[in-house]
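Engineer: have a look; sequence and predicted model below, questions after that.
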Amino acid sequence: MRTINRVQKMVRTAHPTNIFALPRLLQNRVHYASVQTSQHRYQERAMLIKKVLPFCIVLSIGALTSTANAQSLSPTEQKIVATVQARSEAALQLLERSVNINSGTLNHAGVREVGKLFSNELEGLGFKTSWSEMPAAMNRAGHLLAEREGKQGKRILMIGHLDTVFEKDSPVQLWDRQGNRVRGQGVNDMKGGDVIMIEALRALHAVGALDNTRIQVIFSGDEESAGHPIATSRADLVNAAKRSDVALAFEGTALDKNGNATGTVGRRASGGFVLDVTAKQGHSAAVFGHNGYGAIYETARILNSFREQLIEPDLTFNPGNIVGGTEISYDNQNSKGTAFGKTNVIAPSAQVHGDLRYLSAEQGQRARERMKDIVSKNLAGTSAKIRFSENYPPMSPTPGNYALLDLYSKASFDAGLGEIKAFPPGERGAGDIQFVAPYVDSLDGLGATGRGAHSPDEDLDISSIQRATIRTAIYLYRLTR
C-alpha cells in the first residue's frame, strides 16, 4: 500500500517533466513483488497494476499532448504564457480592487473610480487614455477610451464595461472568496473580463509585442442600462468599430453541456413591440353582432395569430404586459399598467407591450412585416396598429465571425487549453458587441467563467482568469503580427 500511495501521490502532482518516471517506478515495484513468496506480495502486485497503470497511461498521453502543444508556441508566445502565469496572484488582486468599488450604472462616482483604476493600468502599458463624458440629461457616467497607435497587424477593438447591475445601496457583498471561487458584485459580469483584457495586454507589453500595434480599448460605463438616445451613448463604440478590423468583447465565457469553454459568434437583437387596439364600445349583449367583437377579442386574435404563423428558429416574440377595458393607462418607466372595465361593456381599448428578438436583420424585417400584416386584418368593429423598437441590433453569426473563432480556438489549442467551439448564437442575451458587429468581424464571450450573473450569487471561477488571459494574449499576438 505504501507503494500505491507513493505512485498515486506522483499522479496527483504529475508534471510533463516527471510523468514518464511513473512506468519505471511501477516496473521496479512489480519486480520486487514478483520475487516475494507470500500471497500478500502477489496481492500487492495485482492491486498496484490495477489501480495505477491506467493513471500512468492517461497521464503519459496527456504529457505527450502537452509537450506537443507547447512546441506549437513560438519562443515569444511561451514567454507570454510564462508572464501570465507569473502574474496570476497580481491579476486576482487587481480584480479584487475593482470589485471592491461599487459601480452600479447610476453610481457615477463608482463607475469613474473603476475607470481611473483601469486607466492607470493601461497608461502603464503605453496606451493614451481619455474619458468620454455623456450629456447630463442622459444620467450616465461616460466611458473609458484607450488607444495605441501603430501600423502593424490587424486593427483591434477590445470591449469591456465598468458598470454592474448592483447599485450603491445593494446588500450584495462586494468580495467573498471561497477557495477557487469568488462571489461579488460584477465579479463575473464583467470585471473578470476587464482584468483579462488588461492582463493579456500586459503580457504582450512585457515581451515587447505591443510596440507598433493598433489597439483600441473601450470600457463603457452603462452597458447594463444603456443611456438614451442610443445613438449618443454608443457613438464611441461605433466610431471605433469603423476604424477596426476585428472587435473582441470580454463578456463571460459560456460553457457547453460538457463544461468546455465556448466563443460567441452571434447574439440576438433585443427590441420590442407595442400593439394598440381600438374598438366600438357598446352593450355586451350585442357583442359579435352589430357592435363588433371589441378590443380584447381582437387583441387575442392578433397574439394567437403571431403564435400560429411566426414561430421559427432564433425568433421570439413575447407579450409581457396586456391592459384592456373601457379606460386603460400604461407607465412605461415602471412597466405598470392599469385598466377599468365592466363585464357588460364591450371593451373599446387594449394595449400590449412585448419583447422581440431575432438573429439577423433579415429575420427581424421579415417578422415585422408578417406581424404588421396580421395586425391589419381586423375583426368587425375593431382596428389595430403596431409599432416596433430596437435597443440592440443583431450580431449575426457571419463567416467572418466564425473565422475569428477558428483563430481563437487555434491559440487555445496550441496553449494546451483545448479547442473552442461556438456557443449556440440564439441562446445568448444582448451586449455591447452588437453595436459594432454590423461594421466589423466580431467575437464575444472571451471573459471569465462564472455563475449567477446579475444575482446575489454571482460568482467566478478564479482559475478561468489565467486560462482566458493566456488564450487572449496569444490570440492578440498572432492578430497583430
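Structural biologist: Arrived safely, thanks for sending.

Engineer: name the element Thr129 belongs to?
Structural biologist: Counting by DSSP states H and E, the element that carries Thr129 is strand 128-132.

Engineer: same question for Ala473.
Structural biologist: Assignment of secondary structure by DSSP H and E places Ala473 within helix 463-479.

Engineer: buried stuff in that helix?
Structural biologist: 464-479 (16 or more other CB atoms under 10 Å). Any C-beta I mention is one placed from the backbone N, CA and C, and that applies to glycine too.

Engineer: and for stretch 350-368?
Structural biologist: 350-354, 356-360, 363-364, 367-368.

Engineer: Ala430: which of those residues is nearest?
Structural biologist: When these are ranked by distance to Ala430 (CB to CB), Arg357 comes first, at 8.5 Å.

Engineer: what helix or strand is Glu369 on?
Structural biologist: Glu369 is located in helix 361-376, with elements delineated by DSSP H and E.

Engineer: quick check: mean pLDDT of that helix?
Structural biologist: With pLDDT averaged residue by residue, helix 361-376 scores 98.

Engineer: can you give the contact residues for that helix?
Structural biologist: Where contact means CB atoms under 8 Å, 6 or more residues apart in numbering, the residues beyond helix 361-376 that reach it are 269, 271, 273, 275, 302, 305-306, 309-310, 312, 314-315, 317, 356, 358, 384-386, 388, 390, 393-394, 396.

Engineer: drop anything exposed from these.
Structural biologist: For the contacts of helix 361-376, a neighbour count by 16+ other CB under 10 Å gives the buried set as 269, 271, 273, 275, 302, 305-306, 314-315, 317, 356, 358, 384, 386, 390, 393-394, 396.

Engineer: how close does the closest residue in space to Val81 that isn't next to it in sequence sit to Ser464?
Structural biologist: Distance criterion CB to CB, 6 or more residues apart in numbering; nearest residue to Val81, sequence neighbours excluded, is Ile470 at 5.5 Å. Taking CB to CB, to the nearest Å as the measure, Ile470 and Ser464 are separated by 11 Å.

Engineer: confirm for me that Ala141 is in contact with Val114.
Structural biologist: No. Applying CB atoms under 8 Å as the test, Ala141 and Val114 come out as separate, 9.6 Å apart.

Engineer: who touches both of those two?
Structural biologist: Contacts common to Ala141 and Val114, judged by CB under 8 Å, 6+ apart, are Leu162.

Engineer: return the distance of the strand holding Thr129 from the chain's centre.
Structural biologist: Here the centre of mass of C-alpha atoms in strand 128-132, compared against the chain's by CA atoms, centre = their mean, to the nearest Å, lies 25 Å away.

Engineer: what is the neighbour count of Val345?
Structural biologist: When neighbours are counted by other CB atoms under 10 Å, Val345 registers 16.

Engineer: ranges for the helices of the protein?
Structural biologist: Counting by DSSP state H, the segments of the chain that form helices are 2-12, 21-34, 39-72, 75-86, 88-99, 108-123, 192-206, 230-233, 235-241, 294-310, 361-376, 399-414, 433-436, 463-479.

Engineer: mean pLDDT lowest for which of these?
Structural biologist: Of all these, mean pLDDT reaches its minimum on helix 21-34 (a mean of 39).

Engineer: now do Ala247, the pLDDT please.
Structural biologist: As summarised for this prediction, Ala247 has a pLDDT of 99.

Engineer: hmm, who's touching stretch 386-395?
Structural biologist: Everything outside stretch 386-395 that qualifies as a contact, by CB under 8 Å, 6+ apart, is 226, 230, 265-276, 356, 358-361, 363-364, 368, 371-372, 375, 401, 425, 430-431, 433-435, 437-438, 442, 444.

Engineer: hmm, Val165 is touching Pro456, no?
Structural biologist: No. Contact criterion CB under 8 Å: Val165 and Pro456 do not qualify, at 10.9 Å.

Engineer: of these two, who's got more company?
Structural biologist: Comparing Val165 with Pro456 by other CB under 10 Å, the one with more neighbours is Val165, at 18 against 12.

Engineer: tell me how far that one lies from Val99.
Structural biologist: Taking CB to CB as the measure, Val165 falls 13 Å from Val99.

Engineer: and if you look at His161?
Structural biologist: Plainly put, His161 is 14 Å away from Val99 if you go by CB to CB.

Engineer: what of Ala350?
Structural biologist: Ala350 sits 46 Å away from Val99, going by CB to CB.

Engineer: is Ala295 in contact with Thr382, as I believe?
Structural biologist: Yes. With contact taken as CB under 8 Å, Ala295 and Thr382 are classed as touching, separated by 6.3 Å.

Engineer: ok, these two, which is more surrounded?
Structural biologist: Ala295 (30 against 24).

Engineer: and that one, what does it touch?
Structural biologist: Taking CB under 8 Å, 6+ apart as the criterion, Ala295 is in contact with Val277, Thr278, Ala279, Gly324, Ala347, Pro348, Ser349, Ala350, Thr382.

Engineer: quick one: which of the residues you listed sit in strands?
Structural biologist: Among the contacts of Ala295, DSSP state E puts Val277, Thr278, Ala279, Gly324, Ser349, Ala350, Thr382 in strands.

Engineer: so what pLDDT did the closest residue to Arg451 other than its chain neighbours get?
Structural biologist: Closest residue in space to Arg451, ignoring its immediate chain neighbours: Asp459 at 5.5 Å, by CB to CB, 6+ apart. According to the per-residue confidence, Asp459 scores 97 in pLDDT.

Engineer: and Asp459, how many neighbours?
Structural biologist: 21.

Engineer: next one: it from Gly450, what distance?
Structural biologist: From Asp459 to Gly450 the distance is 5 Å (CB to CB).

Engineer: give me the common contacts of the two.
Structural biologist: Residues within reach of Asp459 and of Gly450 at once, by CB under 8 Å, 6+ apart, are Val187, Asn188.

Engineer: picking that back up, show me what the residue nearest to Arg451 bridges to in the sheet.
Structural biologist: On the basis of DSSP bridges, Asp459 takes part in beta bridges with Arg183, Arg451.

Engineer: farthest-apart pair in the buried residues of stretch 350-368, please.
Structural biologist: The largest distance within those, taken as CB to CB, falls between Ala350 and Ser360 and amounts to 31.0 Å.

Engineer: picking up where we left off before, from the buried residues of helix 463-479, which is closest to Ile80?
Structural biologist: For those, the minimum distance to Ile80 (CB to CB) is 5.0 Å, reached by Ala473.
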